[in-house]
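# what's the 3D shape of this:
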Amino acid sequence: MLQIQDTLVSLDLAERFFCCDLDACKGACCLEGDAGAPLEAGEADELRRILPEIWNDLLPAAQREIETTGVSYTDVEGDEVTSLVEGGNCVFSTLDENGGWICAIERAFRQGRIDYYKPISCHLYPVRLKKYDSFTAVNFHRWKICKAAEVLGRAKGLRAYRFLEGPLRRRFGDEWYDELSLTCDEYLRQYGGDNAID
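Predicted coordinates:
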């Protein structure tokens, strides 16, 4: 682990290669899993705020789910997460012209229609945060559907902490990320890191 301010960061962020490969995975992280995307305090309010702007982008089944249960629910671990369509895809996921899953929120943001990118847990993935009393753990979640992302990241020579620079800066700030980057660079100079894809 690397200590960066009040966080403990998994060495996987330095060692692992990663670069999302949507052509290969078809956005499966929006579809698979046992719960919706974790939400931080205030994010459900943001989702409700932008909902009118993206409503027509959502699938009919997602619209029905939101009308019935809202944009979020509390999962079995007591965390607030985005609602799901019949236990499957996130209500904010939709299909693109190639049949892959994409985030309707992110698409609307990129089109300049809204000012909210998407929940930070989605932006950070494959990083998952775990908050403790005195620190936050910054972990790298390995999942079979992201195997192609590890392969593509290795082909590009792109480590996870570099690929995730934008969301990490968004969540922790520039000073934190700059410290992480310097620490990872030094770690890799000294120890080389794990180049394996397993």
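
# Tell me the helices and strands packed up against the longest helix anywhere in the chain.
Ranked by number of residues, the top helix in the chain under DSSP state H is helix 174-191. Where contact means 3 or more Cβ pairs under 8 Å, 6 or more residues apart in numbering; DSSP states H and E, helix 174-191 is packed against strand 2-4, helix 12-15, helix 160-163, helix 165-172. C-beta: built from backbone N, CA, C; applies to glycine.

# May I have stretch 184-191 as PDB, with CA atoms only?
What follows is stretch 184-191 as a C-alpha-only set of coordinates in PDB (Å, rounded to 0.1, in the frame of the first residue of the first chain):
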ATOM      1  CA  CYS A 184       3.900   5.600  -8.100                       C
ATOM      2  CA  ASP A 185       6.600   6.800 -10.500                       C
ATOM      3  CA  GLU A 186       9.300   6.300  -7.800                       C
ATOM      4  CA  TYR A 187       7.800   2.900  -6.800                       C
ATOM      5  CA  LEU A 188       8.000   1.700 -10.400                       C
ATOM      6  CA  ARG A 189      11.600   3.000 -10.700                       C
ATOM      7  CA  GLN A 190      12.600   1.100  -7.700                       C
ATOM      8  CA  TYR A 191      10.600  -2.100  -8.000                       C
END
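
# buried set for it?
Of the residues in stretch 184-191, Cys184, Tyr187 count as buried by neighbour count, 16 or more other Cβ atoms under 10 Å.

# And the helix or strand in which Pro52 is found, how far out from the chain middle?
Assessed by DSSP states H and E, Pro52 sits inside helix 43-54. Centroid displacement of helix 43-54 relative to its chain, using Cα atoms, centre = their mean, to the nearest Å, is 18 Å.

# Contacts for it, please.
39, 66, 70-72, 80, 82, 92, 104-105, 108, 113-114, 116, 119-120 (Cβ atoms under 8 Å, 6 or more residues apart in numbering).

# about what we covered before: what about the longest helix of the chain, average pLDDT?
Here helix 174-191 scores 94 as its mean pLDDT.

# try stretch 65-78
92.

# do stretch 109-121 as well
Stretch 109-121 comes out at a mean pLDDT of 95.

# For that stretch, output the C-alpha coordinates as PDB.
Listed next in PDB are the C-alpha coordinates belonging to stretch 109-121 (Å, rounded to 0.1, in the frame of the first residue of the first chain):
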ATOM      1  CA  PHE A 109     -22.500  15.700 -20.200                       C
ATOM      2  CA  ARG A 110     -20.200  15.200 -23.200                       C
ATOM      3  CA  GLN A 111     -22.900  16.700 -25.400                       C
ATOM      4  CA  GLY A 112     -23.000  19.800 -23.200                       C
ATOM      5  CA  ARG A 113     -26.500  19.300 -22.100                       C
ATOM      6  CA  ILE A 114     -25.800  18.900 -18.300                       C
ATOM      7  CA  ASP A 115     -23.000  20.000 -15.900                       C
ATOM      8  CA  TYR A 116     -22.800  16.700 -13.900                       C
ATOM      9  CA  TYR A 117     -20.400  14.000 -15.300                       C
ATOM     10  CA  LYS A 118     -21.700  10.900 -13.500                       C
ATOM     11  CA  PRO A 119     -21.400   9.400 -10.000                       C
ATOM     12  CA  ILE A 120     -17.800   9.400  -8.900                       C
ATOM     13  CA  SER A 121     -17.800   5.600  -8.200                       C
END
